[in-house]
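Asks: structure for this input, please:
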Amino acid sequence: MAREVYLVPVVETQVASLKKKTAVTTSWVSIDAKGQGVILDVDKYAIMRRVQIHARDLRILDPMLSYPSTILGREKVIVLNLEHIKAIIIAEEVLLRDPLDDNVIPIVAELKRRLPQDNLACQGQGEEEEHPSLRNDMDNGEENEFPFEFRALEVALEAICSFLDARTRELETDTYPALDELTSKISSRNLDRVRKLKSAMTRLTNRVQKVRDELEQLLDDDDDMADLYLSRKLAGACSPGSGSGAPNWYLSSPTIGSKISKTSRASAVTVQEDNDVEELEMLLEAYFMQIDSTLNKLTTLREYIDDTEDYINIQLDNHRNQLIQLELFLSSGTVCLSIFSLVAAIFGMNIPYTWKEGHEYMFKWVVILTGILCTSTFTSIISYARHKGLVGS
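Replies: Take a look at the predicted model:
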């Protein structure tokens with residue numbers, strides 16, 4: 001009897017597990033308005049669904065791609081790509097990439113410390129009944145409250161400015177002594193050391209310049225700064241006149257809900273303040289001045305390096321001129337000695353002639369007169385070179 005052959009189909013769960021293995025997960029940390037952080041190991045699609053962001057904007061945060069420093073304002077998020085700080089800011093949450101990185105750990109701790117609001121709101125709820133007059137003061141305080149997204153943005157800007165300034169100070173500490181040592185002693189070791197420091201300075205200058213250009217571009221465009229007001233856009237979208245409700249993940253936050261209720265009572269005021277970016281402009285200007293000061297330090301350092309190079313070139317030119325002068329002296333002496341050798345060769349020929357006999361006393365006079373001629377020729381050459389300025393006096 002012939003054996004029956006059965007084909008076993010591929011199990012769909014195995015295919016699904018294979019797809020899960022091929023999906024690349026990234027470590028993120030989520031920090032809310034209360035300062036509580038949660039580590040997330042998710043892929044980019046989960047992040048896109050969580051914060052409602054496009055793939056092209058999320059691609060900016062990919063460390064494998066060399067995107068310059070960027071601060072993007074979108075409808076519901078702010079995308080930050082500042083050196084090692086790669087973050088997504090929404091109205092009530094901050095997502096920071098690679099939280100276990102040595103440079104990112106202090107930023108996570110600072111966000112947890114500075115993002116939570118003061119406890120005035122919690123304390124005031126119990127005091128409103130006893131002191132009704134405090135309600136108006138609390139309402140004014142919440143209206144003037146610094147938005148959550150700006151507190152997170154301030155932490156990121158402060159961190160990147162401090163980081164670049166620290167790298168600049170370290171470079172200054174290494175560069176100035178190396179330049180002074182090179183000035184006192186020109187050697188291959190010192191030259192190679194200064195070359196490496198100059199390369200490091202060029203790379204650091206480019207990094208600082210990119211951050212400065214991004215801040216300058218934001219300050220020059222009020223529309224870009226207005227896009228960073230996430231709380232204002234959220235309040236405008238959830239106001240009674242807008243006709244559209246807030247998303248579920250916004251309404252689940254009690255802090256956002258209280259803000260929406262208060263801003264809805266003053267919707268006419270918020271409409272007038274839609275184009276008011278003075279608060280953000282002052283924040284950006286402060287860190288623009290700080291990063292500009294760092295860039296000025298690097299510019300001063302570059303000028304010092306250029307001055308040192310000019311000084312070294314002058315020294316090398318001086319040594320080169322001294323070698324040329326020495327070569328002139330040696331060449332002049334060689335010409336004079338060749339005259340003496342010519343006379344000696346003439347009288348040293350082994351050719352018989354009559355006037356050589358009986359004139360032995362002429363040997364010393366020939367030597368003396370030839371030496372005087374050579375000396376006079378050498379003196380004339382050197383005098384002519386000094387007269388033309390070819391050699392120093």
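Asks: alpha carbons only for contacts and neighbour counts from here, please
Replies: Noted.
Asks: can you give me the helices in the stretch 201-350 of the chain?
Replies: Assigned helices in the stretch 201-350 of the chain, in chain order: 222-226, 230-237, 248-251, 254-265, 267-272, 278-347 (criterion: DSSP state H, counting those that start in this stretch).
Asks: average model confidence for the fifth one?
Replies: What it means is helix 267-272. Helix 267-272 comes out with an average pLDDT of 43.
Asks: same deal with the second one?
Replies: With pLDDT averaged residue by residue, helix 230-237 scores 78.
Asks: hmm, back to that, okay, the helices of the stretch 201-350 of the chain, which one's buried deepest?
Replies: Comparing the helices of the stretch 201-350 of the chain by mean neighbour count (mean count of other Cα atoms under 10 Å), helix 230-237 comes out on top with a mean of 20.
Asks: verify the stated contact: R193 with L179.
Replies: No: with contact defined as Cα atoms under 8 Å, R193 does not count as touching L179 (9.2 Å).
Asks: neighbour count for those two, which is higher?
Replies: Comparing R193 with L179 by other Cα atoms under 10 Å, the one with more neighbours is L179, at 20 against 16.
Asks: gap between the more buried one and A166?
Replies: From L179 across to A166, the span is 20 Å (Cα to Cα, to the nearest Å).
Asks: check K196 too.
Replies: The value you get for K196 to A166, if Cα to Cα is used, is 19 Å.
Asks: now S332
Replies: Applying Cα to Cα to S332 and A166 gives a distance of 59 Å.
Asks: hey, where'd the strands end up in the protein?
Replies: Secondary structure of the chain (DSSP state E): strands at 26-32, 37-42, 70-73, 78-82, 85-90, 93-97.
Asks: and the fourth one, how far out from the chain middle?
Replies: Averaging C-alpha coordinates over strand 78-82 and over its chain gives two centres that are 15 Å apart (Cα atoms, centre = their mean, to the nearest Å).
Asks: buried stuff in it?
Replies: Residues of strand 78-82 classed as buried by neighbour count (16 or more other Cα atoms under 10 Å): I78, V79, L80, N81, L82.
Asks: which residues touch the last one?
Replies: To tie it back to what came earlier, the one meant is L82. Shown in contact with L82 (Cα atoms under 8 Å, 6 or more residues apart in numbering): P68, S69, T70, I71, I160, V211.
Asks: restricted to buried residues, select those residues in PyMOL.
Replies: This is the PyMOL syntax for the buried subset of the contacts of L82, where burial follows 16+ other Cα under 10 Å:
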select buried, resi 69+70+71+160+211
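Asks: the contacts of L82: which two are farthest apart?
Replies: P68 and I160 (13.7 Å; Cα to Cα).
Asks: so which helix or strand of this protein has the lowest pLDDT on average?
Replies: Here the helix or strand of the chain ranked lowest by mean pLDDT, DSSP states H and E is helix 248-251, holding a mean of 40.
Asks: from A91, how far off is S383?
Replies: From S383 to A91 the distance is 86 Å (Cα to Cα).
Asks: quick one, which of those two is more surrounded?
Replies: For the pair S383 and A91, the greater number of neighbours falls to A91 (22 against 15), based on other Cα under 10 Å.
Asks: give me the below-cutoff pLDDT ranges for the stretch 101-250 of the chain.
Replies: Along the stretch 101-250 of the chain, the model assigns pLDDT under 70 to residues 118-145, 236-250.
Asks: what's the burial count for N350?
Replies: If you count neighbours by other Cα under 10 Å, N350 ends up with 8.
Asks: so for it, what's the pLDDT?
Replies: Predicted confidence (pLDDT) for N350: 70.
Asks: now it: how far from V277?
Replies: 106 Å.
Asks: do the same with Q325
Replies: The gap separating Q325 from V277 is 70 Å, by Cα to Cα.
Asks: re earlier: would CSV of the contacts of L82 with distance to A87 be doable?
Replies: Below are the contacts of L82 laid out as CSV (distance: Cα to Cα, whole Å):
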residue, distance to A87
P68, 14
S69, 12
T70, 11
I71, 10
I160, 12
V211, 15
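Asks: of the contacts of L82, just say which sits nearest to R50.
Replies: For the contacts of L82, the residue nearest R50 by Cα to Cα is I71; the value is 19.6 Å.
Asks: K44 touches T25, doesn't it?
Replies: Yes: under the criterion of Cα under 8 Å, K44 is in contact with T25, at a separation of 7.3 Å.
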